[in-house]
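> okay, sequence plus prediction incoming.
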Amino acid sequence: MAHRILIVEDNPVDQRLFEQALSDPAREIEICSDGREALAAFERRPADLVVSDIMMPNMEGIELLNELHRRAPGLPVILVTRFGSIAAAVAAMRAGAFDYVTKPVEVFELQTRVKRALEIDQLQHENDTLRRELSGRFGPDSVVAESAESRKLMELVRRIAASHSTVLIQGESGTGKELVARLVHYWSDRVGRPFVAVNCKAFAESVLESELFGHEKGAFTGAIAARQGCFERASGGTLLLDEVGDISPEFQAKLLRVLQEGEVLRVGGAEPRRINVRVVAATNTSLQDKVAAGRFREDLYFRLNVIPIQLLPLRERREDILALARNFLGRLTAEAGRHMTLDPEGEEMLLRHSWPGNVRELENAIERAVVLTRTDVITAADLMLDRVGGSSPAHPASGMPADDPTLSAAQAATAAPPSDAELRARRVAALEESGDVGLSEYLDKAAGERIARALAKAKGNRAEAARNLGIGRATLYRFMRRLGNEAAAVRRANEPGERQ
């Protein structure tokens, strides 16, 4: 987006000089001959920067500056004075000018100050936007806590946020462990520093060590440069270790040492590095049970469990269900530019459902309804939660049904491993043939196919596809990520030769 600059100067020679000096393809420049003309131009279309002579007919530069700041506080204004005196500079800065230059104007000096003013103004806009987004997501009014249990949880999080103690968050999948970790960070004095989240289960042990602790150049094949690990990248802030219960006993010993000593040793490194990080650990399994079974170190458990937080499943705090559903519906419909509501029967169905997938399942159900419902009212039929989807027994390694006919033994030996989305698409196709497809899987497949058609019609243009679907781009991206790009997988699964 082009920056709009107003040049306020009554001298035609200086007008041309300023315009030539500041001309740039990424800028839109308008020249005004006096202050009143400049105010009228600003009223028509606000500017990002104003460069004004301090001595102007009808309205002096200081008066123009005051009028502009009444309309747009913080607008950067650079004043040009004919007198290179300290008094003129002090008067300009006291009046709220961003900077000043003196005549005769040095072109490079003017260019440098204008560039700096625009960069700082852009950073301020980005900071304000980020602050609003953070406040919207993590502010006191944005957190849904209708039940007594949830209100107690928020009170606990506020109390512990001020400390630097390690926190252990335990709860079923989908209960909002990462959200609570982010609240701990946002409500603490570390909010201006990084929040880094890493899923410990997503990495092999050798890779996890490099991911968390970093590595030096040449530490292993492919280490072409030194790299900071998550502990170092989160310096001064908060590090979330998600799925911490799944790390190996060998790596548990290395993690314990880091927590005890407050320093990390990069892979291939010789000197440890001091760290200042608040650690929040999360797990959907019981670490106490793993300690009792000998699968998790007791000393590491006590190191992590300084402040324990146990998140209740959604079925045990039903007062939150409708509030969460309305919150998700409001956000998703705002992104889509639509207005949708839940009818009473739909709300009753939400309250009756057992929610084995907890808050994540609820959000996915609302998102799916927004995508698939053509009217402005989401009914019980649109939610389709009155039946539990059935499935065949899963193969322990692949997640495929035990009798899945999709791949022959020869193909399985030679083919590249299919993605999760392709596995789901093939599994649903196989279940459809047997008549055993679950309703949830069927709806995911229907959503994926509809998204695939929209993308094909838009020739891959996601913005256009989102418009055709009646949803926002963010909703489309999130839906595709959740399904593992289900739309593409469904299309590939139905191509000749994919299914045998």
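Right, received. Where do you want to start?
> when you work out contacts or count neighbours from here on, use the C-alpha atoms and nothing else.
Fine.
> I figured Pro76 was touching Glu119, is that so?
No. Counting by C-alpha atoms under 8 Å, Pro76 stays clear of Glu119, with 10.6 Å between them.
> ok, those two, which is more surrounded?
Taking other C-alpha atoms under 10 Å, Pro76 and Glu119 do not tie; Pro76 has more neighbours (24 against 12).
> what residues does the more buried one make contact with?
By C-alpha atoms under 8 Å, 6 or more residues apart in numbering, the contact list for Pro76 reads Asp48, Leu49, Val50, Ala97, Phe98, Ala117, Leu118, Asp121.
> put the alpha carbons of stretch 359-379 into CSV.
Below are the C-alpha coordinates for stretch 359-379, written out as CSV (Å, rounded to 0.1, in the frame of the first residue of the first chain):
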residue,chain,number,x,y,z
VAL,A,359,-13.3,-27.4,22.9
ARG,A,360,-11.4,-28.2,19.7
GLU,A,361,-14.3,-30.4,18.6
LEU,A,362,-16.8,-27.7,19.4
GLU,A,363,-14.9,-25.1,17.4
ASN,A,364,-14.6,-27.5,14.5
ALA,A,365,-18.3,-28.3,14.6
ILE,A,366,-19.2,-24.6,14.5
GLU,A,367,-16.7,-23.9,11.7
ARG,A,368,-18.0,-26.8,9.6
ALA,A,369,-21.6,-25.5,10.1
VAL,A,370,-20.6,-22.0,9.0
VAL,A,371,-18.9,-23.4,5.9
LEU,A,372,-21.7,-25.9,4.9
THR,A,373,-24.9,-24.0,6.0
ARG,A,374,-26.5,-22.0,3.3
THR,A,375,-29.0,-20.1,5.5
ASP,A,376,-28.3,-17.6,8.3
VAL,A,377,-29.6,-19.9,11.0
ILE,A,378,-27.7,-23.0,12.1
THR,A,379,-30.1,-25.7,13.1
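> which residues touch stretch 221-240?
Under C-alpha under 8 Å, 6+ apart, the answer for stretch 221-240 is 178, 181, 185, 190-198, 210-218, 264, 266, 275-282.
> try 7 Å
181, 185, 190, 193-198, 210-218, 275-281 (C-alpha atoms under 7 Å, 6 or more residues apart in numbering).
> just give me the closest of the contacts of Pro76 to Ser33.
Ranking the contacts of Pro76 by separation from Ser33, with C-alpha to C-alpha as the measure, puts Val50 on top at 12.9 Å.
> which element, helix or strand, includes that closest one?
Taking DSSP states H and E as the definition, one finds Val50 inside strand 49-53.
> try Ile78
Ile78 belongs to strand 77-81, assigned by DSSP H and E.
> now that strand: average pLDDT?
When pLDDT is averaged over strand 77-81, the result is 90.
> what packs against that strand?
For strand 77-81, the elements it packs on are strand 49-53, strand 99-102, judged by 3 or more C-alpha pairs under 7 Å, 6 or more residues apart in numbering; DSSP states H and E.
> next SSE after the first one?
Helices and strands here follow DSSP H and E; after strand 49-53, the next one along the chain is helix 61-71.
> which ones are touching Ala181?
Leu240, Val280 are the contacts of Ala181 under C-alpha under 7 Å, 6+ apart.
> can I take it that it is in a helix?
Yes. Counting by DSSP: H, G, I helix; E, B strand; the rest coil, Ala181 is found in a helix.
> can you give me the separation between it and Asp14?
For Ala181, the distance to Asp14 (C-alpha to C-alpha, to the nearest Å) stands at 57 Å.
> now swap in Asp121 and tell me
Asp121 is 25 Å from Asp14, by C-alpha to C-alpha.
> cool, and Val144?
In this view, Val144 and Asp14 are 58 Å apart by C-alpha to C-alpha.
> ditto for Pro344
69 Å.
> residues near Lys254, how many?
Neighbour count of Lys254, defined by other C-alpha under 10 Å: 15.
> what strand or helix carries it?
helix 249-261.
> contacting residues for Pro249?
For Pro249, the contacting residues are Arg295, Phe296, by C-alpha under 7 Å, 6+ apart.
> pLDDT wise, what is it at?
92.
> Met384 too?
73.
> note down every partner strand of the strand holding Val50 and its orientation.
strand 3-8 (parallel), strand 77-81 (parallel) (DSSP bridges).
> quick one, helices of the stretch 201-350 of the chain?
205-213, 230-233, 249-261, 287-292, 298-304, 319-336, 344-352 (DSSP state H, counting those that start in this stretch).
> brilliant, that's me finished.
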